[in-house]
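Visitor: need a 3D model of the following:
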Amino acid sequence: MVFERVQKQSHKVADSELTVSYDRFTTRFTIKAAEEVLHSSLLMFIPIRNKELSINNQLFTLKIRWLILWQSKLENSQGVVIKELLYLRRRKSINLFIYLILITSIKAGIILFA
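Guide: Below you'll find the predicted structure:
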């Protein structure tokens with residue numbers, strides 16, 4: 001598996017092509033529509049972030065959660081528009097969480113039965 005510094009994914013929302021990117025070194029999360037930056041922020045120390053966005057004169061809410069598992073979604077007044085903006089990031093966070101639980105369980109088992 002190749003290490004990617006910037007993870008990117010594209011989505012179609014409100015007749016506009018959104019490009020979502022996340023820089024793993026700087027923790028910069030960026031959403032662009034037609035080369036216009038709609039939102040850009042550093043996620044370093046704030047694990048929960050909500051932001052109102054306007055895409056083609058429609059209001060959307062960006063929700064980012066990254067404390068234990070990664071989740072980033074885009075919602076409007078009717079509900080969730082995009083369930084996960086960065087699928088690869090979500091999958092990697094779930095895999096890391098499962099790995100940590102397995103290793104912790106094995107260590108606890110060794111300590112208890114040794």
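
Visitor: what comes up buried for the helix or strand hosting Lys63?
Guide: Using DSSP states H and E, Lys63 maps to strand 58-65. Within strand 58-65, the residues scored as buried using 16 or more other C-beta atoms under 10 Å are Phe60, Leu62, Ile64. For the C-beta atoms, the positions are set from N, CA and C on the backbone; glycine is no exception.

Visitor: name the helices or strands packed onto it?
Guide: Applying 3 or more C-beta pairs under 8 Å, 6 or more residues apart in numbering; DSSP states H and E, one finds that strand 58-65 contacts strand 48-55, strand 71-76.

Visitor: so it versus strand 48-55, what angle?
Guide: Inter-element angle recorded for strand 58-65 and strand 48-55: 160 degrees (by axes from the mean of the first three to the mean of the last three C-alpha atoms, to 10 degrees).

Visitor: list the contacts of strand 58-65.
Guide: For strand 58-65, the external contacting residues (C-beta atoms under 8 Å, 6 or more residues apart in numbering) are 13-14, 29, 31, 39, 43, 47-54, 71-77, 81.

Visitor: now, of those, which are buried?
Guide: With burial judged by 16+ other C-beta under 10 Å, the buried subset of those is Val13, Phe29, Ile31, His39, Leu43, Leu53, Gln71, Ser72, Lys73, Leu74, Glu75, Val81.

Visitor: dump these into CSV; add distance to Ser105 and pLDDT as well.
Guide: CSV is the format used below for those (distance: C-beta to C-beta, whole Å; pLDDT from 0 to 100):
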residue, distance to Ser105, pLDDT
Val13, 40, 91
Phe29, 32, 96
Ile31, 38, 96
His39, 39, 95
Leu43, 29, 93
Leu53, 41, 93
Gln71, 24, 96
Ser72, 29, 96
Lys73, 30, 96
Leu74, 35, 95
Glu75, 35, 95
Val81, 37, 93
